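> Sequence plus predicted model, see below.
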Protein chains: 2
Amino acid sequence: MMRSRFQQEMQDLREKLLRMGGLAELAVDRACQAYTDRDLARCHIVLENESLINAAEREIDELAFDILATQQPAAVDLRFLLAVTKINSDLERVGDQAVNIAERVMDMIGLPAVELPVDIPRMATAASAMVRRALESFVEAKAEVAQAVLEMDHVVDRMRDEAFIMLVRKMNEQPQVTQQALDALLVARNLERVADHATNIAEDVIFWVRGFDVRHHAQPDMAAAQTAEGPKQ
Amino acid sequence: MMRSRFQQEMQDLREKLLRMGGLAELAVDRACQAYTDRDLARCHIVLENESLINAAEREIDELAFDILATQQPAAVDLRFLLAVTKINSDLERVGDQAVNIAERVMDMIGLPAVELPVDIPRMATAASAMVRRALESFVEAKAEVAQAVLEMDHVVDRMRDEAFIMLVRKMNEQPQVTQQALDALLVARNLERVADHATNIAEDVIFWVRGFDVRHHAQPDMAAAQTAEGPKQ
């Protein structure tokens, strides 16, 4: 069966986005591996690869734009295209977080190695898994998988809160390791942000698959009443 | 002269986005005012208003989607609509940063007030001005104004770097104020992110006004060579 140009372009877009997702995930994994191994070379690879991710973002945006401009996509395809452009931005920002992590690791490598009360690899694994599952939900067009990603977010948030408390205590007890503890704290924060981007991606998948209903789900008044409950640390 | 439905919807979208921009900017200003005045009530207002910003984001996304689905916008209008959806996300995230700042301020209010070597109001003024000018560039469709916003970004980055250095030194010298210094440091980081979002908005305006040329401007190889030059702190 022949595929129309439209179908091919849509497929092309999907594949490009997945490749970009792979690059972003790899960047986070590399940056966290560099943290564990105090590996300066790997930090540099992350910094150098940022431009590949940025180039991929532009390419995807342009292709989505071309499809919108030249075809007249139906409602579901339109939702897909808008979801792609949003997921695209989030993946680019995951790449930015990997760069931020690599920069903190470079700072740490310049300082004496110290034992810190934070399990960055465990947090990295969780955040990475969220990105991977969010991309899976996109590939498989499965809102349930995306929903599961949303539920993983509070696990990473809790890890960040724990890290925050433990590292501040460490700074108080051993001021001479403040800089290292602060670097680790910021890495934890960056990983929390990676998880947030995975959450955004999952929401975009749900929007694409189910339409607007999920986003309507949040009721402003209810949301207002709940806002004050967020983690205070 | 009668306006077409299309023109009215586009105008409506523009106005909604501006109102949302006003809400996001106000949230940042309020959170920073709360920092200066140690004003818990103002923090709560910021937390409560987050849901208004989230609701505005959804409304704008839906209107943009409706226009895309029912009209067949020409290339320049299509660029405008895509720019709007991206600016919309950035404004919502500016609102998130205001919430983060308010949460840090709430933490600080629970601790003894101390003198800290950081000028948060000055940073807030700079970041806020960037958001305002980015929105102006959108209203006036002026790429030059947007370009000026891009150039303001490194000023805020430098302030953040200075704050970082001074506050870490403070933590080392006076471990008893570590928590307050850390809160201030995170506020500085949040303001840097507000400035980053203003930069994103400015880029989207340039993309809309000038087309893809500006985004093509970044050459991957050049960018790779420059990546390693970022601030190391």
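Received the coordinates, thanks.
> now chain A, which segments are flagged as low pLDDT?
Applying pLDDT under 70 to chain A flags the ranges A:1-2, A:212-233.
> could you pull out the helices for it?
A:5-37, A:40-70, A:75-109, A:120-140, A:143-173, A:178-210, A:213-217, A:220-227 (DSSP state H).
> Can you tell me which of those helices is most buried?
helix A:178-210 (a mean of 24; mean count of other Cβ atoms under 10 Å in any protein chain shown). Backbone N, C-alpha and C define where each C-beta goes, glycine included.
> What is that one packed up against?
Judged by 3 or more Cβ pairs under 8 Å, 6 or more residues apart in numbering or on different chains; DSSP states H and E, the packing partners of helix A:178-210 are helix A:5-37, helix A:75-109, helix A:120-140, helix A:143-173, helix A:213-217, helix B:143-173, helix B:178-210.
> Are the fourth one and chain B in contact anywhere?
Yes - if you take Cβ under 8 Å from any Cβ of the partner chain as the test, helix A:143-173 does meet chain B, through A:Val168, A:Met171, A:Asn172.
> Now do that helix against helix B:178-210, angle only.
140 degrees (axes from the mean of the first three to the mean of the last three Cα atoms, to 10 degrees).
> cool, and the first one?
Between the direction of helix A:5-37 and that of helix B:178-210, the angle (the same axes, to 10 degrees) works out to 150 degrees.
> Packing partners of helix A:5-37?
Packing contacts for helix A:5-37, counted by 3+ Cβ pairs under 8 Å, 6+ apart, involve helix A:40-70, helix A:75-109, helix A:120-140, helix A:178-210.
> ditto for the third one
Using 3+ Cβ pairs under 8 Å, 6+ apart as the contact criterion, the elements in contact with helix A:120-140 are helix A:5-37, helix A:75-109, helix A:143-173, helix A:178-210.
> Just send those back as TSV, with distance to B:His197 too.
Converted to TSV, the helices and strands packed on helix A:120-140 look like this (distance: least, Cβ to Cβ, whole Å):
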stretch	distance to B:His197
helix A:5-37	19
helix A:75-109	11
helix A:143-173	21
helix A:178-210	13
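> between these, which one is nearest to B:Leu81?
Of all the helices and strands packed on helix A:120-140, it is helix A:75-109 that lies closest to B:Leu81, at 9.6 Å by Cβ to Cβ.
> what about A:Leu116, distance to A:Asp183?
9 Å (Cβ to Cβ, to the nearest Å).
> ok, back up a step: okay, the helices of chain A in a markdown table with distance to B:Thr199 next?
Listed next are the helices of chain A as a markdown table, based on distance: least, Cβ to Cβ, whole Å:
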| stretch | distance to B:Thr199 |
| --- | --- |
| helix A:5-37 | 20 |
| helix A:40-70 | 14 |
| helix A:75-109 | 12 |
| helix A:120-140 | 24 |
| helix A:143-173 | 25 |
| helix A:178-210 | 17 |
| helix A:213-217 | 26 |
| helix A:220-227 | 27 |
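> Now do A:Ser4 against A:Leu18, distance only.
Distance, A:Ser4 to A:Leu18, using Cβ to Cβ: 21 Å.
> circling back: out of the helices and strands packed on helix A:178-210, flag the one nearest B:Ala69.
When those are compared by Cβ to Cβ, helix A:75-109 sits nearest B:Ala69, at 5.4 Å.
> I'd like the distance from the closest one to the chain centre, please.
How far helix A:75-109 lies from its chain's middle: 6 Å, per Cα atoms, centre = their mean, to the nearest Å.
> tell me which strands and helices it is in contact with?
helix A:5-37, helix A:40-70, helix A:120-140, helix A:178-210, helix B:40-70, helix B:75-109.
> Good, wrapping up.
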